[in-house]
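Participant: Curious how this folds, go ahead:
(one chain, ligands or ions: 1)
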Amino acid sequence: MTAAIEIENLNYRYPDAKRPALHDVSLTIAQGEWVAIIGHNGSGKSTLAKNINGLLAPESGRVTVAGMPLNEANVWKIREKVGIVFQNPDNQFVGATVQDDVAFGLENRAVPRPEMLTRVHDALVQVNMLEFATREPARLSGGQKQRVAIAGIIAQRPDIIILDEATSMLDPAGRSEVLALIEQLQARSAMTVVSITHDVDEAASADRVVLLNDGEIVEQGTPAALFTHGEELLSLGLDVPYPERLKAALRRRGAKMPDGYLDQEGLVKYLWTLHSTM
Ligand SMILES: Nc1ncnc2c1ncn2[C@@H]1O[C@H](COP(=O)(O)OP(=O)(O)OP(=O)(O)O)[C@@H](O)[C@H]1O
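Facilitator: As a prediction, this is how the structure comes out:
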């Protein structure tokens, strides 16, 4: 299977910066995979995303997206394959209504009107926002706004969706709405998802987590493998998922807790077994 994204020995330095923002980064992301990129502020996450869709050009190294080498000749074709959802839902709206907004990217690409209507309808169904089609985006909740932003992207049928801190400005309800949607999209349409995030709970939903520190990949693996190194993550200024924090707190109070990573469901099951042996 061809990789969705292949990054080989990528180096990037901002003009006049003393240190490179990315140093010798190599990363292959399979089609249909969900990879979360985590790291403290300034570790290079956004710079990496901008190197994937050609907003920045590497100093050295190679980036291949959907089988195409990223270069001046391919950059526009590649941007059609990669949709990015940004952090602030309020900065992403251009349409007066939800449906206009979702149609905007298609109008720009001169998609014929009947096809455009079908795609807008389908995208709104997928994000469960069809009943809001004629509403003003400004009046929606944060989670709903991000779902509309995602509809605008999926209407364009990209192969890859990058979430650049897309849930960080949302309240917990909005965050879970958007995460549930991403999980569905990935499962149903085998879309490749790259989520750049500070939110370890979002990272815990991914297939693989990549940890960046000072522009380098310092660790990667399944969320279960990575989050068992809770202490190390904390030392890098990162949080650990709630079940791991609860586990550590219970251990401090003398409860016997398993060593391996537990997601929320696993922790609940384990707590029941503790309860039934008390
Ligand atoms: N436009 C710029 N010009 C110069 N240096 C920059 C620029 N943008 C980012 N940097 C620097 O590059 C490094 C990586 O920044 P980047 O924004 O990629 O990190 P990040 O992990 O996305 O951070 P955050 O979580 O705060 O968004 C940092 O040292 C940052 O100060």
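Participant: contacting residues around the residue lying closest to residue 227 once chain neighbours are set aside?
Facilitator: In space, and not counting its chain neighbours, residue 227 is closest to residue 261: 5.0 Å by Cβ to Cβ, 6 or more residues apart in numbering. C-betas here are computed from N, CA, C, even on glycine. By Cβ atoms under 8 Å, 6 or more residues apart in numbering, the contact list for residue 261 reads 223-225, 227-228, 244.
Participant: which of these are buried?
Facilitator: Among the contacts of residue 261, those scoring as buried are 223, 227-228, 244 (criterion: 16 or more other Cβ atoms under 10 Å).
Participant: Need the residues you listed in JSON lines (columns: pLDDT).
Facilitator: What follows is those, written out as JSON lines (pLDDT from 0 to 100):
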{"residue": "223", "pLDDT": "88"}
{"residue": "227", "pLDDT": "80"}
{"residue": "228", "pLDDT": "76"}
{"residue": "244", "pLDDT": "77"}
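Participant: For the stretch 151-278 of the chain, which segments count as helices?
Facilitator: With helices called from DSSP state H, counting those that start in this stretch, the stretch 151-278 of the chain shows them at 172-189, 200-204, 223-227, 230-235, 242-252, 264-277.
Participant: Low-confidence regions, this structure specifically.
Facilitator: Across the chain, the ranges flagged by pLDDT under 70 are 1, 230-231, 234, 275-278.
Participant: Show me the beta-bridge partners of the residue nearest to the spatial centre of it.
Facilitator: For the chain, residue 195 is the residue whose C-alpha lies nearest the centre (Cα atoms, centre = their mean; 1.6 Å). With DSSP bridges as the criterion, residue 195 is bridged to residue 36, residue 163.
Participant: Report the contact partners of it.
Facilitator: 34-37, 162-163, 166, 182, 202-203, 206.
Participant: from those, which is closest to residue 130?
Facilitator: residue 182 (18.6 Å; Cβ to Cβ).
Participant: Count the residues that sit near the closest one.
Facilitator: 23 (other Cβ atoms under 10 Å).
Participant: Distance-wise, check the closest residue to it other than its chain neighbours relative to residue 78.
Facilitator: Of all residues not flanking residue 182 in the chain, residue 193 sits nearest, at 5.9 Å (Cβ to Cβ, 6+ apart). Separation of residue 193 from residue 78 (Cβ to Cβ, to the nearest Å) stands at 17 Å.
Participant: thinking again about what came up before, which residues does the residue nearest to residue 182 contact?
Facilitator: Contacts of residue 193 by Cβ under 8 Å, 6+ apart are 33-35, 160-163, 182, 185-186, 206.
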